[in-house]
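Participant: requesting a structural model of the entry that follows:
(one chain, ligands or ions: 1)
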Amino acid sequence: MNIELKTDLGKLIKGNSIELLSKELRESLKGKVNLIITSPPFPLNNKKQYGNEKGDEYLKWFIDMAPVFSDLLADDGSLVIEIGNSWEPDRPIQSILHLECLFGLVKHPTGNLRLIQEFICYNPSKLPSPAQWVTVNRWRTVDSYTHVWWLAKSDFPKADNLKVLRPYSKSMQKLLAKQKYNAGKRPSEHNISKTGFLKDNGGSISHNFFEMEQLDPDREVRLPHSVLSFSNTTSNDYFLKTCRKEGINPHPARMSGGLVNFFIEFLTDQGDLILDPFGGSNTTGYCAEILKRNWLSFEIKEEYIKQAVIRHSNPELIP
Ligand SMILES: C[S@@+](CC[C@H](N)C(=O)[O-])C[C@H]1O[C@@H](n2cnc3c(N)ncnc32)[C@H](O)[C@@H]1O
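Facilitator: Numbers count the residues shown, from 1 in each chain. Sure, this is the predicted structure:
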């Protein structure tokens, strides 16, 4: 096995993860992975990029991962997948391939996976796509979000939303200070008790809608402390700056470090093992390293492994 990067907490292996994880590594990692978090190669319809398959081949390739991932996961482990929308080639209609992928995963006869919750990552600064239908014909609106599916092999994967609380809003802070509000029935039929909102839980519960860029600059954005911002992180600054200096095109489909941090904090504890089978520039391994989790990543392309090495040369990582 080609280990291309090794730290105290993790390793990045060069090669085809699905092949490697289906064979020799499957036994040694069985039941030991607490979180698999990844953005697989997207189902691109036109070009073969990242060596990904098209259409039905992609679907089969994707669904076949279900029993492999399920085997690797601890009983209370989670699988988190970020995936975008795709469009039918040369037609102004959306493909349902990603939905078929999800159905395929949860319906796999030996996969034993279920959808725990779906998250939406809204990214208002995404380039208008699909360009032909959006900017030329003007028949469609901008495709501006990706899906994040949280799956597991039990209905009760390890999770604690108290670890990803957001700061309270100003009005909630006032209410907590005053210890008084209008109780009673709301038009929505909810009955608000006299004390239900007076306990300080340390923050408000996160939502399953992530703003990758702030939607409204006049509105205060409240994110868990581990997230800070979905779009910009200091690690990204270092990574992008170094790539620019070395004349390297940064990986075009990097995951947001904030998103990875969110799920690491929400679903794992320090010392747990996190796997990313499609590591790219190793955002996952980097976040795991910072948050003191063990990690294992795979990447098939040499050029992205070089970028992972750059990411890990960030002085932020040096104790
Ligand atoms: C969407 S990108 C992931 C980007 C990554 N999350 C990041 O933040 O940089 C998917 C990556 O999977 C890699 N890949 C595709 N098939 C693979 C395979 N079978 N084994 C390992 N890596 C693979 C591609 O080269 C690509 O870098």
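Participant: what strand or helix carries the closest residue to the ligand within the stretch 101-250 of the chain?
Facilitator: Going by C-beta to the nearest ligand atom, the ligand is nearest to residue 250 of the stretch 101-250 of the chain, at 8.5 Å. C-beta coordinates here come from the backbone N, C-alpha and C atoms, glycine included. Under DSSP states H and E, no helix or strand contains residue 250.
Participant: where does the prediction get shaky in the stretch 51-200 of the chain?
Facilitator: 51-54 (pLDDT under 70).
Participant: where along it do the helices fall?
Facilitator: Assigned by DSSP state H, counting those that start in this stretch, the stretch 51-200 of the chain shows helices spanning 55-63, 65-72, 97-107, 131, 170-178.
Participant: in the last one, what's buried?
Facilitator: I take that to be helix 170-178. For helix 170-178, burial by neighbour count (16 or more other C-beta atoms under 10 Å) applies to residue 172.
Participant: can you tell me the closest non-neighbouring residue to the residue of the stretch 101-250 of the chain closest to the ligand?
Facilitator: Sequence neighbours aside, residue 243 is the residue nearest to residue 250 in space, at 4.6 Å (criterion: C-beta to C-beta, 6 or more residues apart in numbering).
Participant: what strand or helix carries that neighbour?
Facilitator: Using DSSP H and E, the element containing residue 243 is helix 234-245.
Participant: can you list contacts of that helix?
Facilitator: Contact partners of helix 234-245, identified using C-beta atoms under 8 Å, 6 or more residues apart in numbering, comprise 249-250, 254, 257, 281, 286, 290, 307, 310-311, 313-316.
Participant: go with 7 Å
Facilitator: Applying C-beta atoms under 7 Å, 6 or more residues apart in numbering, the contact partners of helix 234-245 are 250, 257, 281, 286, 307, 310, 311, 314, 316.
Participant: do the same with stretch 75-85
Facilitator: So stretch 75-85 is contacted by 31, 33-40, 42, 69, 73, 94, 98, 113, 143, 146-154, 156-158, 255, 259, 263, 267 (C-beta under 7 Å, 6+ apart).
Participant: the strands in the stretch 151-300 of the chain, which residues?
Facilitator: For the stretch 151-300 of the chain, the strands defined by DSSP state E, counting those that start in this stretch cover 184-185, 191-192, 209-211, 273-276, 294-299.
Participant: make JSON lines out of those strands and add mean neighbour count.
Facilitator: Listed next are these as JSON lines, based on neighbours: other C-beta atoms under 10 Å:
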{"stretch": "strand 184-185", "mean neighbour count": "10"}
{"stretch": "strand 191-192", "mean neighbour count": "12"}
{"stretch": "strand 209-211", "mean neighbour count": "17"}
{"stretch": "strand 273-276", "mean neighbour count": "27"}
{"stretch": "strand 294-299", "mean neighbour count": "26"}
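Participant: any chance of these in TSV, with distance to residue 57 too?
Facilitator: Putting those into TSV (distance: least, C-beta to C-beta, whole Å) gives the following:
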stretch	distance to residue 57
strand 184-185	55
strand 191-192	53
strand 209-211	31
strand 273-276	23
strand 294-299	20
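Participant: next, the contact list for whatever residue of the chain ends up closest to the ligand, please.
Facilitator: The ligand sits closest to residue 280 of the chain, with a gap of 2.5 Å, by C-beta to the nearest ligand atom. Each residue near residue 280 by C-beta under 7 Å, 6+ apart is listed here: 251, 253, 254, 299, 304.
Participant: let's see it at 8 Å
Facilitator: Contacts for residue 280 were tallied using C-beta under 8 Å, 6+ apart; they are 39, 251, 253, 254, 255, 299, 304, 307, 308.
Participant: check residue 142 too.
Facilitator: Shown in contact with residue 142 (C-beta under 8 Å, 6+ apart): 126, 128, 129, 134.
Participant: gap between the nearest residue to the last one once chain neighbours are set aside and residue 195?
Facilitator: In space, residue 134 comes closest to residue 128 once its chain neighbours are excluded; the distance is 4.4 Å by C-beta to C-beta, 6+ apart. Note on residue 128: its distance to residue 195, by C-beta to C-beta, to the nearest Å, is 49 Å.
Participant: same deal with residue 159?
Facilitator: Per C-beta to C-beta, residue 159 is found 27 Å from residue 195.
Participant: neighbour count: the two, which is higher?
Facilitator: residue 159 (17 against 10; other C-beta atoms under 10 Å).
Participant: quick revisit: just among the contacts of residue 280, which is most surrounded?
Facilitator: residue 299 (29 neighbours).
Participant: and the gap between the closest residue to that residue other than its chain neighbours and residue 290?
Facilitator: Residue nearest to residue 299 in three dimensions, not counting chain neighbours: residue 279, with 4.3 Å by C-beta to C-beta, 6+ apart. Computed as C-beta to C-beta, the residue 279 to residue 290 distance reads 16 Å.
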